[in-house]
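Engineer: Test case, fold it:
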Amino acid sequence: MEMNKYIRFDWAAKYMLRSKADYVIFEGLISALVGEKVTIVELMDTESNKETKDDKYNRVDIKARNSRGEIILVEIQQTREVDYLQRMLFGVAKAITEHMGSGMPYEQVKKVFSINILYFKLGEGSDYLYHGQAVLTGVHTHDTLQLTEHERDDLKVVAPRDVFPEYFVIRVNQFNKLAETPLDEWVDYLKREYIRPDTSVPGLKEARERLEYLRMSPEQRRAYDHYFDTLVRDTDVLKTQLLEARIEGLKEGRAEGHEKGLAEGRAEGRAEGRAEGRAEERLINARSLKANGVPVDVIIKSLHLTKEEAEQL
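Structural biologist: As a prediction, this is how the structure comes out:
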């Protein structure tokens with residue numbers, strides 16, 4: 001296996017891939033997602049691309065347009081945000097309203113693609129890629145609303161899907177498979193910074209030449225190493241804080257299961273504590289009933305004991 005080291009895509013997107021010559025790399029990733037050739041005509045910096053004292057937690061936020069003038073938002077997020085879904089929606093709404101000048105007719109509204117590359121776990125599910133779009137479905141007939149020929153001519157769109165935003169969520173850390181498709185190869189690079197030497201995937205071929213670590217200038221390498229070291233250190237700190245909060249919450253939860261946790265780890269620990277407390281209380285009550293001559297089958301049914309709990313009587 002080739003051992004060349006490639007630059008993390010989040011850092012490259014934020015600090016290196018800003019010229020027209022690099023658009024082909026973004027086009028390759030987006031095309032692999034949407035399933036069609038995309039041509040970016042411009043990239044627009046946003047506030048989150050500006051370096052701040054909290055830069056290590058800042059997301060990479062890229063706004064682009066394709067050849068049809070549709071808006072493409074690409075966000076790369078390293079650390080967890082509880083309200084991330086709401087922020088996805090806000091980002092799309094903001095992009096639409098920023099595009100629309102005062103007095104512009106609604107037919108000028110452009111479709112938005114929201115592409116979210118996440119290095120934290122969002123929700124539950126077995127896939128690494130999730131895609132969604134609003135679909136208008138008959139409440140009683142369950143058919144999908146279509147446009148008439150007259151409406152298609154007037155609106156210059158074929159179907160509602162050509163208007164409503166599309167959302168893509170790539171859960172990078174949940175990718176655990178062999179790369180079989182162009183998109184798989186892209187996510188394999190996003191997760192492991194590895195690009196196959198024989199890749200023919202659009203965008204990745206160019207990334208191999210542009211993003212090889214050893215081809216960076218000494219200044220770029222120092223900046224990249226500092227970013228990577230800071231990211232690793234702060235990720236470890238965050239994990240430690242969550243673990244400590246969870247342990248603390250577990251202890252408090254066993255003693256005070258009714259109290260609400262304020263932090264993620266504390267809430268999880270207390271939930272486990274309450275569950276353990278309820279299970280232990282059920283067993284104590286069940287054993288007391290059994291000692292007083294109540295039939296076991298009645299106890300199991302009355303207290304809703306699990307099979308494992310019943311075996312402990």
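
Engineer: Give me the residue ranges of the stretch 151-300 of the chain where confidence is low.
Structural biologist: When residues are selected by pLDDT under 70, those of the stretch 151-300 of the chain lie in 213-216, 224, 227-299.

Engineer: Is H226 in a helix, a strand, or coil?
Structural biologist: helix (DSSP: H, G, I helix; E, B strand; the rest coil).

Engineer: how near is it to Q220?
Structural biologist: 11 Å (Cβ to Cβ, to the nearest Å). In this view, the C-beta of every residue, glycine as well, is placed from N, C-alpha and C.

Engineer: Those two - which one has more neighbours?
Structural biologist: Q220 (15 against 11; other Cβ atoms under 10 Å).

Engineer: That one: what's it in contact with?
Structural biologist: Contacts of Q220 were listed using Cβ atoms under 8 Å, 6 or more residues apart in numbering, and they are M16.

Engineer: Quick check: which element contains it?
Structural biologist: Taking DSSP states H and E as the definition, one finds Q220 inside helix 218-255.

Engineer: Same check on F168?
Structural biologist: Counting by DSSP H and E, F168 is found in strand 166-171.

Engineer: I'd like to know which elements that strand is packed against.
Structural biologist: Using 3 or more Cβ pairs under 8 Å, 6 or more residues apart in numbering; DSSP states H and E, the elements in contact with strand 166-171 are strand 112-118, strand 129-133.

Engineer: Can you add mean neighbour count, distance to K14 and mean pLDDT and give those back as CSV?
Structural biologist: As requested, the helices and strands packed on strand 166-171 are exported to CSV (neighbours: other Cβ atoms under 10 Å; distance: least, Cβ to Cβ, whole Å; pLDDT from 0 to 100):
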stretch, mean neighbour count, distance to K14, mean pLDDT
strand 112-118, 22, 12, 94
strand 129-133, 13, 23, 95
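
Engineer: any chance of those in CSV, with distance to E308 too?
Structural biologist: Listed next are the helices and strands packed on strand 166-171 as CSV, based on distance: least, Cβ to Cβ, whole Å:
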stretch, distance to E308
strand 112-118, 36
strand 129-133, 35
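
Engineer: hang on, the earlier thing: which residues are contacting the strand holding F168?
Structural biologist: 33-34, 88, 92, 111-118, 121-122, 125, 127-133, 187, 190.

Engineer: how about that strand: buried residues?
Structural biologist: Under the neighbour-count criterion of 16 or more other Cβ atoms under 10 Å, strand 166-171 has E166, Y167, F168, V169, I170, R171 buried.

Engineer: and it, C-alpha only, in CSV?
Structural biologist: This file holds the C-alpha atoms of strand 166-171, laid out as CSV (Å, rounded to 0.1, in the frame of the first residue of the first chain):
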residue,chain,number,x,y,z
GLU,A,166,-31.5,18.7,-0.9
TYR,A,167,-29.5,17.7,2.2
PHE,A,168,-26.6,15.3,2.3
VAL,A,169,-25.1,14.2,5.6
ILE,A,170,-21.8,12.3,5.4
ARG,A,171,-20.9,10.7,8.8
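
Engineer: next helix or strand past it?
Structural biologist: As assigned by DSSP H and E, the chain's next helix or strand after strand 166-171 is helix 182-192.

Engineer: just checking, what packs against the helix or strand encompassing I76?
Structural biologist: Taking DSSP H and E as the criterion, I76 maps to strand 71-77. Where contact means 3+ Cβ pairs under 8 Å, 6+ apart, strand 71-77 is packed against helix 9-15, helix 23-34, strand 60-65, helix 84-99, strand 112-118.

Engineer: Done for today, thanks.
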